Structures are given as C-alpha cells and as structure tokens.
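S.K.: This is a predicted model, with the sequence first.
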Amino acid sequence: MSGGATPGLVAPTRAGMLPAGPDVVNTSDYDSQTVQVNLRETWLIRGVEIPTRVVLAPMAGVSVQAFRRQGRRFGAGLVCSEMVSCAGIEHRNEKTLGYLRVASDEHPLAIQIFGSEPRAMAEAARVVEAAGADLIDINFGCPVRKVTKTGAGATLLDDTGRACAIVAAVAQAVGLPVSVKMRRGLRDGARTCLEVGPRLVEAGAATLTLHPRSAQQMYTGRADHALTEELVALVDVPVVASGDIVSRARAQAVLTTTGAAAVMVGRGAQGNPWVLREIVDGDAREPSREEVVAELVLFVRETVRELGERRAASFLKKFYGWYLGRGRFPKPFKQQLVVLDSTEEVERRLLAAAPGALALLELLEEEVSVGDEVLLELPISIYGGG
Ligand SMILES: Cc1cc2nc3c(=O)[nH]c(=O)nc-3n(C[C@H](O)[C@H](O)[C@H](O)COP(=O)(O)O)c2cc1C
C-alpha cells in the first residue's frame, strides 16, 4: 500500500509535495517550513466529513462533554470521548453509560471503547452507535496497568491476532467507521505499530491514530513522528498524528513531514482551548482575563450539569490550575479556589476577579444554548447529574 486514496475516503494532500494551490499557502513567516498546510481543509473518514485537520484527543478524566463542545467551538474538527469500558457498557453501569451522552453540537464525535474480548467490544460498539456517535474509536494505546492487566489497551499491540479480531468484530457489528488509536508498541524503541497498523486496516479500521511513544515511556521523552511518517506510507487510510502538538508551527511541521491527515491535540488544550484557535487559524492572541474567566465559568456550569455538583466539584479542581496558570492569574488565586467546597463559590470568586467576564459569559451561554436544547438519546436519570 502506498498512501493512495481508496473509494469513499479522501485524505488531505501532502502539502509539502504539492505546488501552491487553494489548499497550500506559501509563506515566509514559518521558520523551518516554506509551505503551510491549510488546517481548515475538510477531510473524510469514510463518509464522515471532518471540517478541520485538528482532532481533540481523548483524555480520561478530562474529555467530558463540556471539554468536547468547547473544542469544537474553538476549531477542532473532531472530538473524542475518554475511553469507555466495554465491560461497563455490557453491565449497563450507570456511570459508564453517562460517558455516552452526545449533544447535538459535538458532531462529528468519536466515542472510544476499550476491552479485550471481540464479542463484548462488538456489543459495546452497538450501544455506542445507538447513542449517536459518528465514529467508534478503539483504544490500543492505554499504558495504565489497571487496563493492561485485563488484556486491553496497549497490550493488544503484542497480540495482533486478538487486536485484529476486535477490529473485525466491531466493524461488522456497526455501520459507523471504526478508528484505532495506538502507541508505537510496548517497549522503548518498539516499531510494532508498523506491523500491526496495516493488519488493523485489513481487519476494517477506517483510520488510525498514532501516538508514537511506547507504553513503557508513558508520557516521557518525545513523540517520534518519524514513525508516523512510516505508518502513513504503509496504509491507505487517513492517519492522525498524536503527541506533542502544542502550536501551529508544530502542527504544520508534523503534517508536512509525515503526510498525516490531521494532528491530535491533548495536553496542550487542557485549560487552553485558545491553542486550538491558534493551530487552526493562526490566531495567536492571548485571551484576556475576562475571556479566561468566562470560558472557565461556562465549563464549570456545564460540567456540574453533566456530572452533578458533588462529582464535578472534585473533577474540576485540576482545571482551575490549567486555566488560571500560564501567567494569567497570580498563583495564590488558584490555591484559594481548589480548597473551596462548592462550585457556586468558585464561580463567585472568579467573577469577582474579572467582573467584565459576566457580559462575555452571557454571550457564550446564548451561543451554546442551541446545542443544549437538543440533547440526547439516553434517559437523563443515568447521568447522575441534573
Ligand atoms: C490525562 C490523560 C488522559 C488520557 N486518556 C486517554 C484515553 O482515554 N484514551 C486514549 O486513547 N488516550 C488517552 N490519552 C493520550 C492522549 O490522547 C494523547 O495521545 C497523548 O496525551 C499525547 O498527546 P499530547 O502530547 O497532545 O498530550 C490521555 C492522555 C492524558 C494526558
């Protein structure tokens, strides 16, 4: 296979190999490349149209609905749920089913599932399809022991037969395109993804996302996107590059050198949706304090609605540091917020610190309320939040 397109699948062109055209802009303001990729270019995963070449990463303990909706507003063309246990879905665990809520303004949205049994994964995929996802993403990358010891996540990279059986079972069970997210392999220096990737495509994967660190590395060292480039050359489906994409310059460099269809942004977007705007549109304006507070308060309100006050209050604490750091607010302010018990009090303190944020917040609430009204296909009682 050579990276050519298959019927029904259009990967963006490899900008670095093309003359300048509508999708490619020659520029001199980017130091290491002379050609810029248009990140607002639409691409397809089978029939699913992805409006930009930036994907918001699935992150356990982070990728709640408020995070995903915000990501879409700031320019992510595709968002993804955190990994959801197929065993939890199978047993209709209330908390697990809560991860499957889909709002109308999230589309296109992938819901990611993990597990080790093809039959159970296929059944979970059917539930995910019924919940309204546009793509089923399968996790072959999680390095955390709690997951790998069950035979799921990154361990499946060393069990190609089982990994392919899972993809085939899921692809047969649903009409949605199936994507797979994986690491380079289990151990440092592993190149397993290059052997497994093409087999997963043969088994039915319509796209692959590669985070080219080993499971052993966890999040240390650098993502080696030379492997992403090799994978792109081996498969005829779009590849998404994940790892260390924190700026437009980095996104451009990775897209141009690897030929990937899109980049995925994870930690860089934690408490910083503005980085998505910078990457997609080159708008590098720093947000004002009022903008930061308005986004954070909206995020708090939406998360309370999703998780309920008690769960949201502890879930949100890490976000205060993420939003208020980066020199935006003095450190003691964040420390005052994390010890507060109620999100109402957090909101009061935030708005007192930037009174002009209230008007912005009202505008934002108006903007997002349309998506709110058309909510889900699942009964509200399962969310545990009112
Ligand atoms: C807190 C956290 C949770 C994550 N959870 C998931 C997950 O549920 N599923 C998954 O496929 N990857 C998960 N990842 C990996 C990210 O999706 C991404 O591949 C990785 O962070 C590298 O990208 P980055 O450098 O942009 O953060 C997680 C990463 C972090 C930091």
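M.R.: Looks like it arrived, so ask away.
S.K.: Please count neighbours and contacts with C-alpha atoms only from this point.
M.R.: Noted.
S.K.: what does the stretch 1-150 of the chain put close to the ligand?
M.R.: 57-60, 82-83, 139, 141 (Cα under 6 Å from any ligand atom).
S.K.: Can you list which of the residues you listed are found in strands?
M.R.: Asn139 (DSSP state E).
S.K.: Run through the strands of the protein in chain order.
M.R.: So, for the chain - with DSSP E - the strands run 24-26, 35-37, 43-45, 48-50, 54-56, 79-80, 84-85, 109-114, 135-140, 178-185, 207-214, 239-242, 262-265.
S.K.: Just put the ones you listed in CSV and tack on mean neighbour count and mean pLDDT.
M.R.: Shown next, in CSV, are those (neighbours: other Cα atoms under 10 Å; pLDDT from 0 to 100):
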stretch, mean neighbour count, mean pLDDT
strand 24-26, 16, 40
strand 35-37, 23, 81
strand 43-45, 21, 98
strand 48-50, 19, 98
strand 54-56, 28, 98
strand 79-80, 28, 98
strand 84-85, 22, 98
strand 109-114, 26, 98
strand 135-140, 27, 98
strand 178-185, 27, 98
strand 207-214, 27, 98
strand 239-242, 28, 98
strand 262-265, 27, 98
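S.K.: Tell me which of these sits nearest to Phe333.
M.R.: strand 262-265 (27.5 Å; Cα to Cα).
S.K.: Neighbours of the residue lying closest to Val338 once chain neighbours are set aside, how many?
M.R.: When the adjacent residues along the chain are set aside, Val338 lies closest to Lys317, with 5.4 Å between them (Cα to Cα, 6 or more residues apart in numbering). Lys317 has 18 neighbours, counted by other Cα atoms under 10 Å.
S.K.: Go ahead and confirm Lys317 touches Gln335.
M.R.: No. Using Cα atoms under 8 Å, Lys317 is not in contact with Gln335, being 9.7 Å away.
S.K.: Look up the residues forming beta bridges with Ser214.
M.R.: Gly185 (DSSP bridges).
S.K.: if I look at it, how far off is the ligand?
M.R.: 11 Å (Cα to the nearest ligand atom, to the nearest Å).
S.K.: Equivalent analysis for Leu78, please.
M.R.: For Leu78, the distance to the ligand - Cα to the nearest ligand atom - is 13 Å.
S.K.: pLDDT at that residue, what is it?
M.R.: Leu78 is assigned a predicted lDDT (pLDDT) of 98.
S.K.: how many neighbours does it have?
M.R.: A count of nearby residues for Leu78, using other Cα under 10 Å, gives 26.
S.K.: contacting residues around it?
M.R.: 50-52, 54-56, 72, 107-110 (Cα atoms under 8 Å, 6 or more residues apart in numbering).
S.K.: circling back: mark which of the residues of the stretch 1-150 of the chain next to the ligand are buried, thanks.
M.R.: 57-58, 82-83, 139, 141 (16 or more other Cα atoms under 10 Å).
S.K.: Out of the strands of the chain, which gets nearest to Asp158?
M.R.: Closest to Asp158 of the strands of the chain is strand 178-185 (Cα to Cα; 7.6 Å).
S.K.: Which residues does the closest one contact?
M.R.: With Cα under 8 Å, 6+ apart as the criterion, strand 178-185 contacts 135-142, 154, 157-158, 167, 170-171, 190-194, 204-215, 227.
S.K.: just for this structure, where's the confidence low?
M.R.: Within the chain, the segments meeting pLDDT under 70 span 1-35, 370-386.
S.K.: what about the longest helix in it?
M.R.: Counting residues, the longest helix found in the chain (DSSP state H) is helix 289-307.
S.K.: Contact partners for the residue of the stretch 51-200 of the chain found nearest the ligand?
M.R.: Residue of the stretch 51-200 of the chain nearest the ligand, by Cα to the nearest ligand atom: Met59 (3.2 Å). By Cα under 8 Å, 6+ apart, the contact list for Met59 reads 81-83, 266.
S.K.: start to end distance for stretch 41-52?
M.R.: 5 Å (Cα to Cα, to the nearest Å).
S.K.: Also stretch 77-97?
M.R.: Termini of stretch 77-97 sit 24 Å apart (Cα to Cα).
S.K.: Could you do stretch 53-67 as well?
M.R.: End-to-end for stretch 53-67, by Cα to Cα: 18 Å.
S.K.: Likewise for stretch 127-138?
M.R.: So stretch 127-138: terminal residues 14 Å apart, Cα to Cα.
S.K.: chain center to it, what's the gap?
M.R.: 14 Å (Cα atoms, centre = their mean, to the nearest Å).
S.K.: Run through who's touching it.
M.R.: 48, 89, 100-102, 107-114, 125, 167, 174, 176-181, 376-378.
S.K.: I'd like the distance from stretch 142-161 to the chain centre, please.
M.R.: 20 Å.
S.K.: CA atoms of that stretch as CSV?
M.R.: Listed in CSV are the C-alpha atoms of stretch 142-161, where the atom choice follows Å, rounded to 0.1, in the frame of the first residue of the first chain:
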residue,chain,number,x,y,z
CYS,A,142,-3.6,2.9,27.2
PRO,A,143,-0.4,2.1,29.1
VAL,A,144,-2.0,2.1,32.6
ARG,A,145,-1.6,-1.1,34.5
LYS,A,146,-5.3,-1.2,35.6
VAL,A,147,-6.2,-1.5,31.9
THR,A,148,-3.3,-3.5,30.5
LYS,A,149,-3.6,-6.2,33.2
THR,A,150,-7.0,-7.0,31.8
GLY,A,151,-5.5,-7.6,28.3
ALA,A,152,-6.8,-4.3,27.0
GLY,A,153,-5.2,-1.1,25.8
ALA,A,154,-1.6,-1.1,24.7
THR,A,155,-1.1,-4.8,25.5
LEU,A,156,-3.1,-5.7,22.4
LEU,A,157,-0.2,-4.4,20.2
ASP,A,158,1.6,-7.5,21.2
ASP,A,159,-1.3,-9.7,20.3
THR,A,160,-2.0,-8.8,16.7
GLY,A,161,-4.5,-11.7,16.2
